[in-house]
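1. Would you be able to build a 3D model of this:
(one chain, ligands or ions: 2)
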Amino acid sequence: MKSSRIPGFYNMSVDQRRKLLKDNYDLTDEQMSNLTDNPSLSLDKADNMIENVIGTFELPLGMGLNFVINGNEYTVPMAIEEASVVASASHIAKIVRSAGGFEAESRERLMIGQIQVVGCSNFHEAKQDLLDQKDTLMNAANDAYPSIVKRGGGTRDLDVRILNEDANSTYSQMLVMHIYVDTCDAMGANMINTMAEAIAPIVEEITGGKVYLRILSNYADRSLASAKCVIPPHLLATGDFTGEEVRDGVIHAYEFAASDPYRAVTHNKGIMNGIDPIVIATGNDWRAVEAGAHAYAAKDGQYGSMTRWSRDEAGNLVGEIELPMSVGIVGGATRVHPLAELSLSIMNIESAAELAEVIVSVGLAQNLGALKALATDGIQKGHMALHSRSVAIAGGASGEMIDVIAKKLIDQKEIRVGKAKELVEQYKQ
Ligand SMILES: CC(C)(COP(=O)([O-])OP(=O)([O-])OC[C@H]1O[C@@H](n2cnc3c(N)ncnc32)[C@H](O)[C@@H]1OP(=O)([O-])[O-])[C@@H](O)C(=O)NCCC(=O)NCCSC(=O)C[C@@](C)(O)CC(=O)[O-]
Ligand SMILES: NC(=O)C1=CN([C@@H]2O[C@H](COP(=O)(O)OP(=O)(O)OC[C@H]3O[C@@H](n4cnc5c(N)ncnc54)[C@H](OP(=O)(O)O)[C@@H]3O)[C@@H](O)[C@H]2O)C=CC1
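-> Ligands and ions are numbered 1, 2, ... in the order given. Have a look, this model is predicted:
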């Protein structure tokens, strides 16, 4: 297992980074060509992936370093446009690896299919009739997708709820049947939808009602992944701040997010800063992950923090995260986009559950990166220093000028596009 601790990686040239990656992960020339070809996703492939294609849209792909999760080393590909996210994830992963790494788990991986039934003459009888026919319905769902059963997956359970029983409008009254499906290493949306559509006529026959929607639920709360880290305070000390001060600042920041949706949304955006880039880099459906994660953050009635930070009896900072994680290592674009395939190879991911564990660990790290900065120097110092290059480019800098202008912006403590434009004009004279 190659160490994900690669000091000085960020000071190397892009070519040096690529060479190191190729050697470390035994990547083939063909795999490497996906990084060097421009664009990596061919127009032909893109045109077959979505509709009305006119081109491809590129994002920077960076490497989150230093991750140790369940004792394994991970170098994590992150596709993102925002500066300082990759640095911050690597920064916290470096601290957490000194504390023994992240512990992560993904206990159950069931995706949910929903079937909506309306117009039953007696909803309670219809519900009971469906439950009485549970085996028939589960078998019919499996018959609609036999290959997943052969792989060891398939329907595991079924339940039924009545919604809005006492509503005045018959539009609101409905029965909702859930099928719970083990989709193995796929995210499973298309499998679930196939199954739900296939059993809808049987559901109508049993209930005497009419089926309208037959679709996956993105509230994947039977596919939860969690991660934890325990950090001794001395590892958190920074500048003039003691480790204890940083720990306490992080816990205060968590309590703020836990009690105030205005703060929780920003706090959680910081967590998604870590999660989305891996979901994107591995060709997964980030809208599905985003929707599920935010819904789960509101599961207790008020939108709150996706993480929890506390101190244990020994005074360590303890961080925890648990989120629905509907991702796959097969299916969707995971094997279609060449960089998604490469990303999975670099991480040496062997199952969808393992990918989910890595993703939530990075989300937890990203949250701590932001909270540590917020509770100490403030976000601008680290973030804006790294963002300064983008500002320089937006101000018209190119080539060697970019670093020069970026440094001047930092030195003059004015990291804004107007200032960059002025400096570019001066540079050109
Ligand atoms: C940026 C740091 C890490 C600097 O922090 P620092 O303490 O100056 O870092 P350092 O120079 O001591 O380096 C520590 C490690 O960080 C990494 N690192 C350090 N620099 C680089 C770099 N250039 N390129 C790549 N990696 C870098 C690297 O792993 C390095 O270890 P090394 O390998 O050197 O031994 C810190 O200030 C930080 O984490 N800031 C927070 C950044 C952040 O959260 N950005 C997100 C954008 S803001 C936002 O969208 C969300 C937010 C904030 O609103 C969420 C919320 O409110 O909760
Ligand atoms: N609400 C939502 O979120 C919706 C999302 N989607 C989209 O659906 C896509 C995901 O659907 P999904 O069903 O996962 O993808 P696919 O339709 O691509 O199905 C995955 C395929 O992978 C094959 N496979 C190979 N190895 C395995 C394995 N070990 N475990 C499981 N399957 C395996 C299966 O084929 P076989 O068994 O035949 O070999 C299966 O057909 C995403 O692109 C998403 O954007 C679509 C509709 C709604």
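2. So for whichever residue of the stretch 201-350 of the chain sits closest to ligand 1, what's the nearest residue that isn't a sequence neighbour?
-> Taking CB to the nearest ligand atom as the measure, the stretch 201-350 of the chain has G270 as its residue closest to ligand 1, at 2.7 Å. In this view, the C-beta of every residue, glycine as well, is placed from N, C-alpha and C. Nearest non-adjacent residue to G270, counting by CB to CB, 6 or more residues apart in numbering: A370, 3.9 Å away.
3. That neighbour and N268 touch, don't they?
-> No. Assessed by CB atoms under 8 Å, A370 is found out of contact with N268, at 10.6 Å.
4. before we move on, back to that, okay, and the residue of the stretch 201-350 of the chain closest to ligand 1 sits in which element?
-> Using DSSP states H and E, G270 sits in helix 261-281.
5. And for G363?
-> helix 352-375.
6. does the very next helix or strand once past that helix come close to ligand 1?
-> Once helix 352-375 ends, the next helix or strand along the chain (criterion: DSSP H and E) is helix 379-394. Yes. Helix 379-394 is in contact with ligand 1 by CB under 6 Å from any ligand atom, via 379, 382-383, 386.
7. what about helix 379-394, average pLDDT?
-> Averaging pLDDT along helix 379-394 yields 90.
8. next one: stretch 47-65
-> Here the average pLDDT along stretch 47-65 is 96.
9. repeat for stretch 178-186
-> Averaged over stretch 178-186, pLDDT sits at 98.
10. Name the surrounding residues that touch that stretch.
-> 109-115, 137-138, 141, 148, 151-161, 188, 191-192, 195-196, 199, 217, 222, 328-332, 351-352 (CB atoms under 8 Å, 6 or more residues apart in numbering).
11. Repeat that for stretch 114-129.
-> 160-162, 165, 170-171, 173-179, 196, 199-200, 203-204, 206-217.
12. now the end-to-end length of it.
-> End-to-end distance for stretch 114-129: 17 Å, by CA to CA, to the nearest Å.
13. what about that stretch, distance to the chain center?
-> 36 Å (CA atoms, centre = their mean, to the nearest Å).
14. Can you say which helix or strand has G152 in it?
-> Counting by DSSP H and E, G152 is found in no helix or strand.
15. Ok, V176 next?
-> strand 174-182.
16. Partner strands of that strand and their direction?
-> strand 110-118 (antiparallel), strand 154-163 (antiparallel) (DSSP bridges).
17. Please report how far L317 lies from A46.
-> Noted for L317: a distance of 44 Å to A46, by CB to CB, to the nearest Å.
18. Ignore what I typed, I meant R308.
-> From R308 to A46 the distance is 41 Å (CB to CB).
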